[in-house]
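> With the input below, show me the fold.
(4 chains)
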2 protein chains.
Amino acid sequence: MPRMTTKQQVGDTRRRVLDIAERLVQSRGFNGFSYADIAAELKITTASLHYHFAGKAELGRALIARYAERFFEALTAIDAGPSTAREKLRAYAGLYADVLRGHRLCLCGMLAAEYHTLPDPMRESVVSFFDENEVWLAKILQQGRATGELDFNGTPEEAARMIIYGLEGAMLVARPYGDVARFHSAAEQLIDSLTTRRPSGTPK
Amino acid sequence: MPRMTTKQQVGDTRRRVLDIAERLVQSRGFNGFSYADIAAELKITTASLHYHFAGKAELGRALIARYAERFFEALTAIDAGPSTAREKLRAYAGLYADVLRGHRLCLCGMLAAEYHTLPDPMRESVVSFFDENEVWLAKILQQGRATGELDFNGTPEEAARMIIYGLEGAMLVARPYGDVARFHSAAEQLIDSLTTRRPSGTPK
DNA sequence: GTCTATAGGCAGATAGAC
DNA sequence: GTCTATCTGCCTATAGAC
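Numbers count the residues shown, from 1 in each chain, chains lettered A, B, ... in the order given. Next up is the predicted model:
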C-alpha cells in the first residue's frame, strides 16, 4: 500500500482540475473562466494544466463526461432507493437543488446557454445529457402511471420534457434571487401537477 | 425635413450597435462576443464604438433597458388584443417562440446564466425583468381565474413563476435541438395545465 | 508533473487627428 | 462620428529544462 507523501498522487491533479473547472463552468460559464483561474487556485502554472488537458475543448469534453457519469449513477441509486414514483421524482429534483445550493447551474444547462460558442464534441454531449434524462424520467413516469400512482396527459416522454424544462428554468431564474426556496416551491408544484389528469376534451 | 444622405443619421449607429449586440448576446452570451465582432459587422472600428458606449458594461445596461422596454410594450399590446386569458397567454408564449426562431435565447435568460460574471447594474436589471414578467402574468392569471376561464392551484404569482420557469427552460433546452416545435409543444401543455385544478387535499 | 520563458493573438480601452 | 495608433493586460498554447 502506497504511503502518503507531500507529492500529489497519480491522477489526483487531474481530478482536482476537473473539480475546479466544473465549479467555474457551473457558476460563471465556459466562456467565463480561464486556465489561469484554475492554475491560480491549484497553485500550479497554466503550462502544467496543458499536461493534463491539451486544450480547453478537451477539458470541456472531460467535464461533461464525468458530470454525466456521476449524474446517471445518482439516477441508478434513486432507482434502487425510494419505492414510489413521487419520491423518486422528489429525489431527482433534489439533485438539482443540491447544485443550486452551491450557487451553480446544471452543467449542461449552462452549456446549453453557451451552445453556439462550444466546440463541436461538447455540443453533442450536452444534447445527449438531456436525452438520457428524458429516458430516465419517462421510465419513472411510465411506471408511476402503470401503478396508478401518477396521472398525466400525453406521453411519458412529453411529461418528462416538461419536468426537465421546468427544473432547468427554475434553476436559471431562481439563482439570481439567491433563493433556493423558489426552486423548491417550483419543484413541488411540478411534481404535484403529475397527479391530476385534465379533461381529455380540452378545447383548442 | 432633413434629406437622406450616404452618412448615417444621428443616433442611427447607436441603434445599429444595439441591434447587433443584442443578437450576439442572445445567441452567444455576454461573454461570448467582443467589441471587435460588432465593429466588424458595422464596418467601423472598435474605437468608434467607445464613442457610443463608454464600455461593455454600459452597452450591456442599454441592451437590457431597450429589450425590457420593447418587451413590456408587447405585453401592453397583448393586453389590448385577444380577449381571453388563454389567448393572451398564447401570445405571451409566442413572444418567446419568435426569439427562439432566430436561434436566440431570451436576453435576460441568457444573462441569468452568466449572472455571476455580470457588472452590478446589469444584475439588477435582469432580476427586475423577471419580476415585471411575473407581475404581468399574475394579473392575466388572476383575471382568468376570476372569470372562471382558468383554474389553477396556489396564488397567481406562483403560477406565473411556473410559466416563466417552464418557458425559459424550454427555450434553453430546445435551442440545441434546433427544434422550435419542441418549444411549442411545451408552451401548449403549460397553458393547458392552467385549466384544471388538482384535488386540494394532495398528500404530502 | 511541474517549471520558466515566451510566443502570438485578442480583449477592452484611450489619445488625439480629422 | 469616425479614424489611426497604441496601450496594457489577459488569453490559449508551446518548447524545453528539471
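
> Give me the number of neighbouring residues for A:Tyr67.
Residues near A:Tyr67, counting by other C-beta atoms under 10 Å in any protein chain shown, number 20. For every residue, glycine as well, the C-beta is placed using N, CA and C.

> quick one: secondary structure of it?
At A:Tyr67 the chain is in helix, as set by DSSP: H, G, I helix; E, B strand; the rest coil.

> ok, now how distant is it from A:Arg23?
According to C-beta to C-beta, to the nearest Å, A:Tyr67 stands 11 Å off from A:Arg23.

> is DNA strand D contacted by the longest helix anywhere in chain A?
Of all segments of type helix in chain A, defined using DSSP state H, the longest is helix A:120-146. No: against DNA strand D, helix A:120-146 shows no contacts by C-beta under 7 Å from any atom of the strand, the least distance being 12.9 Å.

> Any idea how far that helix is from the middle of the chain?
Its chain's C-alpha centre lies 11 Å from the corresponding centre of helix A:120-146 when counted by C-alpha atoms, centre = their mean, to the nearest Å.

> which helices and strands does the next helix or strand after it pack with?
Downstream of helix A:120-146, the first helix or strand assigned by DSSP states H and E is helix A:156-177. Helices and strands touching helix A:156-177, by 3 or more C-beta pairs under 8 Å, 6 or more residues apart in numbering or on different chains; DSSP states H and E, are helix A:85-101, helix A:107-113, helix A:120-146, helix A:180-192, helix B:107-113, helix B:120-146, helix B:156-177, helix B:180-192.

> repeat that with 6 Å
helix A:85-101, helix A:120-146, helix A:180-192, helix B:120-146, helix B:156-177 (3 or more C-beta pairs under 6 Å, 6 or more residues apart in numbering or on different chains; DSSP states H and E).

> Quick one, which of the ones you listed gets closest to B:Ile44.
Among those, the nearest to B:Ile44 by C-beta to C-beta is helix B:120-146 (24.1 Å).

> and the closest one, what does it pack onto?
Against helix B:120-146 (3+ C-beta pairs under 6 Å, 6+ apart) you get helix A:156-177, helix B:56-79, helix B:85-101, helix B:107-113, helix B:156-177.

> Check what contacts the first one and list those residues.
Counting by C-beta atoms under 6 Å, 6 or more residues apart in numbering or on different chains, the neighbours of helix A:156-177 from elsewhere in the structure are A:96, A:100, A:105, A:109, A:133-134, A:137-138, A:141-142, A:152, A:182-183, A:186, A:190, B:112, B:115, B:126-127, B:130, B:165-166, B:168-170, B:172-173, B:186, B:189.

> Please save the CA atoms from it in CSV.
Output of helix A:156-177 as CSV, limited to C-alpha atoms (Å, rounded to 0.1, in the frame of the first residue of the first chain):
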residue,chain,number,x,y,z
PRO,A,156,-44.3,9.9,-20.6
GLU,A,157,-41.7,11.4,-22.9
GLU,A,158,-43.7,14.7,-23.2
ALA,A,159,-44.2,14.8,-19.4
ALA,A,160,-40.5,14.1,-18.9
ARG,A,161,-39.5,17.0,-21.0
MET,A,162,-41.8,19.3,-19.1
ILE,A,163,-40.1,18.3,-15.9
ILE,A,164,-36.7,19.0,-17.4
TYR,A,165,-37.8,22.3,-18.8
GLY,A,166,-39.4,23.3,-15.5
LEU,A,167,-36.4,22.4,-13.3
GLU,A,168,-33.8,23.8,-15.6
GLY,A,169,-35.8,27.0,-16.0
ALA,A,170,-36.4,27.3,-12.3
MET,A,171,-32.7,26.9,-11.6
LEU,A,172,-31.8,29.5,-14.2
VAL,A,173,-34.2,32.1,-12.9
ALA,A,174,-34.0,31.3,-9.2
ARG,A,175,-30.3,31.6,-8.9
PRO,A,176,-30.1,35.4,-9.4
TYR,A,177,-32.5,35.7,-6.5
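
> Which positions in it come out as buried?
A:156, A:158-176 (16 or more other C-beta atoms under 10 Å in any protein chain shown).

> Could you do the third one as well?
Buried residues in helix B:85-101, counting neighbours by 16+ other C-beta under 10 Å, are found at B:Ala85, B:Arg86, B:Lys88, B:Leu89, B:Arg90, B:Ala91, B:Tyr92, B:Ala93, B:Tyr96, B:Ala97, B:Val99, B:Leu100.

> And the fourth one, by the same measure?
If you call a residue buried by 16+ other C-beta under 10 Å, then helix B:107-113 has these buried ones: B:Leu107, B:Cys108, B:Gly109, B:Met110, B:Leu111, B:Ala112, B:Ala113.

> residues touching the fifth one, list them.
Same thing as B:Leu111. B:Val126.

> is it possible to export the helices and strands packed on helix A:156-177 to CSV including mean pLDDT?
Below are the helices and strands packed on helix A:156-177 laid out as CSV (pLDDT from 0 to 100):
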stretch, mean pLDDT
helix A:85-101, 98
helix A:120-146, 97
helix A:180-192, 97
helix B:120-146, 97
helix B:156-177, 98
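
> tell me which parts of chain A are close to chain B?
Chain A comes close to chain B at residues A:27-29, A:31-32, A:110, A:112-117, A:126-127, A:130, A:162, A:165-166, A:168-170, A:172-173, A:176, A:186, A:189, A:192-193, A:196, A:198, A:202, as judged by C-beta under 6 Å from any C-beta of the partner chain.

> how about A:Leu194, phi and psi?
Backbone torsions of A:Leu194, given as degrees, to the nearest 10, read phi -90, psi 10.

> Next, work out how far apart it and DNA strand C are.
Noted for A:Leu194: a distance of 44 Å to DNA strand C, by C-beta to the nearest atom of the strand, to the nearest Å.

> Is that residue in contact with A:Phe152, as I believe?
Yes: with contact defined as C-beta atoms under 6 Å, A:Leu194 reaches A:Phe152; the gap is 4.9 Å.

> Enumerate the residues of chain A near DNA strand D.
A:Phe33, A:Ser34, A:Tyr35, A:Ala36, A:Asp37, A:Thr46, A:Ala47, A:His50, A:Ala54, A:Gly55, A:Lys56, A:Ala57.

> Read off the pLDDT value for the last one.
What the model reports as pLDDT for A:Ala57 is 98.

> Skipping its backbone neighbours, what lies nearest it in space?
A:Pro119 (4.0 Å; C-beta to C-beta, 6 or more residues apart in numbering or on different chains).

> surely that neighbour meets A:Leu59?
No: in this structure A:Pro119 lies outside contact range of A:Leu59 using C-beta under 6 Å: 10.4 Å.

> Perfect, I'm done here.
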